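Participant: Here's my sequence, what's the structure:
(one chain, ligands or ions: 1)
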Amino acid sequence: MTTDRTIGRVTVLTGAQHGKYPDGNSLLVAGTEETVVIDPSLSLLARRATLPPVDRVVNSHCHEDHVAGNHLFPDASWHLHALDLPGMHSLDGIMRIYGFEGEVDAAFRKVVVDKFHFTPRPDASAYRDGDVFDLGGTRIRVLHAPGHTRGHCVLYVEPEGVLYLGDIDLSSFGPYYGDAWSSLVDFERTLALVRDVEARWYATFHHIGLLDGRAAFLERLDRFAAVIASRESRLLEFLGVPRTMDEVAAHRFVYRPGDPVPYAEPVERRSMGQHVERLVAAGRVREVEPGRYLAA
Ligand SMILES: [Zn+2]
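Facilitator: Sure thing, here's the model as predicted:
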């Protein structure tokens with residue numbers, strides 16, 4: 001049974017469990033001249049025999065789940081934004097994007113290879129903001145939308161009017177900016193940017209799949225963006241007494257307490273560290289003694 005959706009020359013290849021991590025929803029765009037697959041997910045492995053020949057693989061960014069099916073298309077050219085390209089070149093390259101250390105790095109390195117089939121591609125090529133892939137009868141336009149990673153992009157397919165949002169996934173989890181190559185400030189700018197993109201359809205890699213129309217998109221986008229403010233207000237409340245970053249990371253603002261996420265500690269530390277930093281800069285949090293923070 002398939003729940004794929006087709007809009008003109010675009011097909012959303014719906015992933016297992018509606019693209020819940022570790023799976024995801026990929027896009028197939030079949031022009032008169034070329035066929036492109038966007039973010040081939042783990043879910044494509046089971047259906048590889050039914051996939052058409054593909055000329056190019058276009059990745060929205062370099063994360064394990066978005067490149068998990070790249071190796072199914074060894075004869076196609078692979079394309080990523082210039083800033084995420086080093087991640088596709090080598091295993092060390094993708095591990096630098098996460099920036100984990102010690103045992104967390106060692107364990108996740110294994111997951112990236114064994115579970116997500118990470119396949120380095122030294123000749124992967126760079127695209128940039130504003131680039132257009134013309135497939136014949138349909139085009140994919142690149143909009144640089146950093147924050148999740150440095151090179152994260154959204155892809156606009158026209159004339160179908162499908163905006164593929166990658167990991168601006170509109171989920172209840174909220175924006176993820178917990179990697180070494182993530183930025184909360186950039187993510188907020190990106191949320192404002194995508195808000196202004198007029199599209200007929202909005203697609204995401206996880207959960208949502210395909211949204212019909214701008215009203216549905218804006219409602220989801222506002223809820224998604226509100227998670228940032230919710231994390232920040234919970235943080236301010238927690239800093240009602242002086243706390244260290246160890247305590248902030250252990251408290252959990254991004255993941256739910258008790259969720260068995262092996263990399264939760266560094267992700268919480270990095271995500272909430274960015275909140276602390278800007279609250280200090282704004283005078284809303286003070287460092288009352290070295291390494292202890294208190295809401296003003
Ligand atoms: Zn991602």
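Participant: Relative to residue 36, how far out is whichever residue of the stretch 51-200 of the chain sits closest to the ion?
Facilitator: The nearest approach of the stretch 51-200 of the chain to the ion comes at residue 63, 3.4 Å away (Cβ to the ion). In this view, the C-beta of every residue, glycine as well, is placed from N, C-alpha and C. According to Cβ to Cβ, to the nearest Å, residue 63 and residue 36 sit 19 Å apart.
Participant: Looking at those two, which one has more neighbours?
Facilitator: residue 63 (28 against 25; other Cβ atoms under 10 Å).
Participant: Can you classify the nearest residue to residue 167 once chain neighbours are set aside by secondary structure?
Facilitator: Leaving aside its chain neighbours, residue 167 sits nearest to residue 148 (4.8 Å; criterion: Cβ to Cβ, 6 or more residues apart in numbering). On the three-state scheme (DSSP: H, G, I helix; E, B strand; the rest coil), residue 148 is labelled coil.
Participant: For residue 148, grab the count of nearby residues.
Facilitator: Other residues close to residue 148 by other Cβ under 10 Å number 26.
Participant: How about residue 178?
Facilitator: 23.
Participant: Helix or strand for the nearest residue to it once chain neighbours are set aside, just tell me which one.
Facilitator: Spatial nearest neighbour of residue 178, chain neighbours left out: residue 267 (3.4 Å); criterion: Cβ to Cβ, 6+ apart. Using DSSP states H and E, residue 267 maps to helix 264-281.
Participant: Pull out the buried residues from that helix.
Facilitator: Of the residues in helix 264-281, those buried by neighbour count under the rule 16 or more other Cβ atoms under 10 Å are 264-276, 279.
Participant: Going by distance to the ion, which of these wins?
Facilitator: Nearest member of those to the ion, counting by Cβ to the ion, is residue 267, at 12.2 Å.
Participant: got a pLDDT number for that closest one?
Facilitator: Looking at residue 267, its pLDDT reads 98.
Participant: Mind listing the residues bridging to residue 35?
Facilitator: Under DSSP bridges, the beta-bridge partners of residue 35 are residue 30.
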